[in-house]
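1. Quick one: sequence plus predicted model below, questions after.
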Amino acid sequence: MKAIRFHEFGSPDVLKLEDVPVPVPANDELLIKVYATSVNPVDWKIIKGARRGKYPSNLPLTPGWDVSGVVEKTGNDIDNFKKGDEVYSRPDPTRNGAFAEYIVVKANQVSFKPKSISHTQSAAVPLAGLTAWQGLFQFGQLQAGQKVLIHAASGGVGTFAVQFAKWKGAYVIGTASENNLDFVKQLGADEVIDYKNEKFEDRLNNLDLVFDTIGGDTQTRSLTVLKNGGRLITTLKPENEEEAKAKNIHIEGFGAQSYPEDLKQIARLIDEGKVKPAISKIMPLEEAAAAEKLSEEGHVRGKIVLQVV
């Protein structure tokens, strides 16, 4: 089969299209024929070697930790999936990913894909959707009527977070660049802030939750807009923990997990027409390096999808 692999850490230029054997599923795994996958910032961080402490991996490695496809073969212990099932997942980032024609994934990380959208659209959902869902609801404990600030609201995670928060009944504020403000409003945000030309802390206060995917100074300034007892949830390292404690703010970092029940809930919202993936570009698998470079520039609206079939 064809697969994108890298044999050394570096820029996306280290990615090469190679011929490799089709993987064999273990007893608790599925062999999935990949129809589409998508690009996430974690890809190029792993490719650069920046996540070696967090995601130990042996080289060569195939990146790509989103997949939508069809079950080709099941392991001997699998009875809840069968050949031909249409599925999606966020595969384990310590193992070979989905920039390939086939991938093996633990069955307990897989769910049936949304029925109402194509594999191309479905591939944009798992990692970003799970991150937004778990960040808002599992860690952020967001409830109807609360106020939430979502940073980078036009990005892969942010586009889902805005839609999920609005579905929940929260008052949603999103930061984005000027050319993405209308887009974020269309997703459902009640307020939008141009982060390049306006300081969000000058406009906001007494918020229940801040969802941070940026870190650094943005995370530090976010502490000033939260109410006593508020929560700051980040996909990066939590900073200023002493200051947060002094202000009675709960600050916590997390990494999304591929829980089938969460994927099922997200698929249901998509099939009910309440949520839709935002895709900025669809590229062939062979252009994975170019896609990763675009992602690394940090200005992608929604997701970049790589078409495999």
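-> Perfect, thanks for sending it. Model, not experiment: these values are computed from the prediction. Numbering: from 1, shown residues only.
2. list the contacts for Trp167?
-> Trp167 sits next to Leu269, Lys274, Val275 when contact means Cβ atoms under 8 Å, 6 or more residues apart in numbering. Quick note: C-beta positions are derived from backbone N, CA and C, even for glycine.
3. Who wins on neighbours among the residues you listed?
-> Neighbour counts for these, by other Cβ atoms under 10 Å, peak at Val275, which reaches 25 neighbours.
4. wait, that one sits on Lys166?
-> No - between Val275 and Lys166 there is no contact under Cβ atoms under 8 Å: 9.3 Å.
5. got JSON lines for the contacts of Trp167, with distance to Val24, pLDDT and secondary structure too?
-> Below are the contacts of Trp167 laid out as JSON lines (distance: Cβ to Cβ, whole Å; pLDDT from 0 to 100; DSSP: H, G, I helix; E, B strand; the rest coil):
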{"residue": "Leu269", "distance to Val24": "35", "pLDDT": "98", "secondary structure": "helix"}
{"residue": "Lys274", "distance to Val24": "39", "pLDDT": "98", "secondary structure": "coil"}
{"residue": "Val275", "distance to Val24": "35", "pLDDT": "98", "secondary structure": "coil"}
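6. okay if I get those residues as TSV plus distance to Leu232?
-> As requested, those are arranged in TSV below (distance: Cβ to Cβ, whole Å):
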residue	distance to Leu232
Leu269	25
Lys274	26
Val275	24
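7. what's the closest of these to Pro238?
-> Ranked by distance to Pro238 (Cβ to Cβ), the contacts of Trp167 are led by Val275 at 27.6 Å.
8. Roughly how far does that closest one sit from Trp133?
-> According to Cβ to Cβ, to the nearest Å, Val275 and Trp133 sit 10 Å apart.
9. repeat for Ala170
-> According to Cβ to Cβ, Ala170 stands 13 Å off from Trp133.
10. Kindly report the same for Lys147.
-> Distance from Lys147 to Trp133, by Cβ to Cβ: 19 Å.
11. And for Met1?
-> To Trp133, Met1 is 31 Å away according to Cβ to Cβ.
12. which one of these two has more residues nearby?
-> More neighbours surround Trp133 than the other of Met1 and Trp133, with 22 against 14 (other Cβ under 10 Å).
13. which one is the more buried one nearest to, not counting chain neighbours?
-> Closest residue to Trp133 apart from its sequence neighbours, by Cβ to Cβ, 6 or more residues apart in numbering: Asp262 at 5.4 Å.
14. isn't the one you found right up against Thr131?
-> No - counting by Cβ under 8 Å, Asp262 does not reach Thr131; the two are 10.3 Å apart.
15. Which of these two has more residues huddled nearby?
-> A direct count of neighbours by other Cβ under 10 Å for Asp262 and Thr131 places Thr131 higher, at 25 against 20.
16. Please, where are all the helices along the stretch 1-150 of the chain?
-> Using DSSP state H, counting those that start in this stretch, the helices of the stretch 1-150 of the chain run over residues 41-48, 119-122, 126-133.
17. Over to the stretch 201-309 of the chain?
-> Using DSSP H, counting those that start in this stretch, the helices found in the stretch 201-309 of the chain span residues 216-222, 241-246, 260-271, 288-297.
18. In terms of pLDDT, where does the nearest residue to Val14 once chain neighbours are set aside sit?
-> Once flanking residues are discounted, Val14 sits nearest to Phe6: 4.3 Å by Cβ to Cβ, 6+ apart. pLDDT recorded at Phe6 is 97.
19. what pairs with Phe6 across the strands?
-> Judged by DSSP bridges, the bridge partners of Phe6 are Leu61.
20. That one and Gly174: what is the separation?
-> Separation of Phe6 from Gly174 (Cβ to Cβ): 34 Å.
21. For those two, indicate the residue with more neighbours.
-> Looking at Phe6 and Gly174 with other Cβ under 10 Å, you find the greater number of neighbours at Gly174, namely 31 against 24.
22. quick revisit: check the gap between the residue nearest to Trp133 and Glu243 for me.
-> With distances taken as Cβ to Cβ, Asp262 is found 31 Å from Glu243.
23. what's the answer for Asp19, then?
-> Applying Cβ to Cβ to Asp19 and Glu243 gives a distance of 53 Å.
24. So if I had to pick from the two, which one is more boxed in?
-> Set side by side, Asp19 and Glu243 show more neighbours around Glu243, with 13 against 7, by other Cβ under 10 Å.
25. Good, we can wrap up now.
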